[in-house]
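**Q** this is the structure alone, sequence omitted:
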């Protein structure tokens, strides 16, 4: 699947253009489905830089209502810090309710399903994942800001849905080591992979993301119906090595996408035309420690 890249410092215009570049691929993925679930990223209900810009989500809504026969659109999330209600108000999402037939959903108000995982020490543990995000009758759309991360180098379209799906009080459970968290994200992604991902890099977050980083003016927007390819391209464009992002590496081993950007079809701008250097998190070198266990724990990594 292609990855669309657009240079634009306007999130609304740039996102619309990126989606139009992969219009046929989106139509194929949507098929006959009429229900859509948009998952923005509200790590904090108070820090705008930690959240998905409302303009990006509005561009997605404009695209959907223009292209498809829609029966339902949900905007679903549960902030790690603060409430869904506070995030909607603070980030200007409340205005969308007056313009579109949508419903805001706090994932905490819905049921969860238990998923079993194993950590790098061989211990089994469970997390509870949103049944709503597991529901494949919805076209699942991940819309997020490009950000660095304190455990897994970058947080983009896949991690937005995966970690956001975990019951709020249990998200700490997957933080059992750098290999464990990458494997957990990859395994959960096999159940929760978005149908469409949009990454807004008009203004990203660099340094100590996903909450305490600093603004990075970039002017690049990315979209794809293959979130692994999407996140690999964005990671490379942020001047990180995609093979350093454990969950992307593992998902590529499992056949969900390409880890080599040279094997990914890009439409719109070239990657080199938007490539820029993001400052990594202070723990960046430590985050790469998962790679030391690739050979020793290869059987563990390849477990699904």
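**A** Yep, that arrived. Worth saying up front: this structure is predicted, and the values here are computed from it rather than measured.
**Q** ignoring the adjacent residues along the chain, who's closest to the residue most central in space within the chain?
**A** Geometric centre of the chain, nearest residue: residue 157, 1.7 Å, by C-alpha atoms, centre = their mean. Across the structure, with C-beta to C-beta, 6 or more residues apart in numbering as the measure, the residue nearest residue 157 apart from its sequence neighbours is residue 197 (3.2 Å). Using the backbone N, CA and C atoms, a C-beta is placed for each residue, glycine as well.
**Q** if I look at the one you found, how far off is residue 272?
**A** As for residue 197, its distance to residue 272 is 21 Å (criterion: C-beta to C-beta, to the nearest Å).
**Q** quick check: end-to-end length of stretch 202-220?
**A** Between the opening and closing residues of stretch 202-220 lies a distance of 5 Å (C-alpha to C-alpha, to the nearest Å).
**Q** contacts for that stretch?
**A** With C-beta atoms under 8 Å, 6 or more residues apart in numbering as the test, stretch 202-220 has contacts from 5-11, 14, 43-44, 47, 49-50, 53, 81, 145-150, 155, 201, 221, 237-238, 269, 274, 276, 278-282.
**Q** report the buried members of the residues you listed.
**A** With neighbours counted by 16 or more other C-beta atoms under 10 Å, these contain buried members at 5-8, 11, 14, 43-44, 47, 49-50, 53, 145-150, 155, 201, 221, 237-238, 269, 274, 278-281.
**Q** contact partners for the residue nearest to the centre of the chain?
**A** Applying C-beta under 8 Å, 6+ apart, one finds that residue 157 lies in contact with 142, 144, 194, 197, 198, 199, 227, 230, 231.
**Q** among those residues, which are located in strands?
**A** Residues of the contacts of residue 157 located in strands (DSSP state E): 142, 144, 197, 198, 199.
**Q** out of these, which is most surrounded?
**A** The most neighbours of any of those, using other C-beta atoms under 10 Å, belong to residue 199, which has 34 neighbours.
**Q** chain neighbours aside, what residue packs nearest to that one?
**A** Beyond its immediate neighbours in the sequence, the residue positioned closest to residue 199 (C-beta to C-beta, 6+ apart) is residue 222, lying 4.5 Å away.
**Q** neighbours of the one you found, how many?
**A** Using other C-beta under 10 Å, the number of residues around residue 222 comes to 30.
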